[in-house]
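J.: take this sequence and fold it.
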Amino acid sequence: MPELVEIRWHARAGQGAVTAAKTLADTALSNGKYVQAFPDYGPERMGAPLKAYNRIGDQPIRKRGTVENPSIVVVLDPSLVGTVDLIDGAPEDALYIVNSAESTETVRQKAKLGRRRLYCVDANQIAHECIGLRKPNTPMLGAICRVTGVVGLEELL
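T.: Sure, this is the predicted structure:
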């Protein structure tokens, strides 16, 4: 894991992105990491697009403000792919984890990701099968753990 991992979450209000960012931060904190977790939204209602952010590091975090150059971009709502600029500010080696039932190539084309690293997870289906609701935040947390190692899956549980 790099010295500082910065994550930008894209979701719609009510999908649990803010809760997921806080849960990830709490887990990392209880494992000795320095953390930040915060949302970026206004008075929007359920279903409005929003962003949430994490910073996780081995040293105290002096940065404040939104994450401008995320090393990881997480998308909870598949309808945001192609409608929001997912690559805005992200370096070429950023990692993208997208909730989608579509193929990786289809998502790659819609999001204009080129050769960037992309993982697709049908988190809506997983959540529906497990809890009967289409709340993708928890399956996406599992995907982040599995793909990045930022925190271990066992630690998250």
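J.: so where do the strands sit in this structure?
T.: 4-12, 34-40, 49-57, 72-75, 95-99, 117-121 (DSSP state E).
J.: tell me which residue is most central in the chain.
T.: In the chain, the residue lying closest to the centroid (C-alpha atoms, centre = their mean) is Val74, at 2.8 Å.
J.: distance check, it against Gly132.
T.: Separation of Val74 from Gly132 (C-beta to C-beta, to the nearest Å): 23 Å. C-betas here are computed from N, CA, C, even on glycine.
J.: buried ones in stretch 58-76, by neighbour count?
T.: For stretch 58-76, the neighbour count (16 or more other C-beta atoms under 10 Å) marks 67, 70-76 as buried.
J.: what do you get for stretch 18-35?
T.: 18-25, 27-28, 33-35.
J.: one step back: how about the strands of the chain, which one is nearest Val151?
T.: Of all those, it is strand 49-57 that lies closest to Val151, at 7.9 Å by C-beta to C-beta.
J.: relative to strand 34-40, how tilted is the closest one?
T.: Our comparison of strand 49-57 with strand 34-40, counting by axes from the mean of the first three to the mean of the last three C-alpha atoms, to 10 degrees, yields an angle of 170 degrees.
J.: any residues touching strand 49-57, and which ones?
T.: Outside strand 49-57, the residues that touch it by C-beta atoms under 8 Å, 6 or more residues apart in numbering are 3-13, 17-18, 20-21, 24-25, 28, 33-41, 44, 61, 63, 66-67, 70, 77, 80, 84, 150-151.
J.: cool, stretch 73-90 as well?
T.: 7-12, 15-17, 20, 49, 68-71, 94-102, 107, 110-113, 116, 123-124, 136-137, 140, 144.
J.: so how far is the first residue of that stretch from its last?
T.: End-to-end distance of stretch 73-90: 8 Å, with C-alpha to C-alpha, to the nearest Å as the criterion.
J.: for stretch 63-76, same thing?
T.: End-to-end distance of stretch 63-76: 25 Å, with C-alpha to C-alpha as the criterion.
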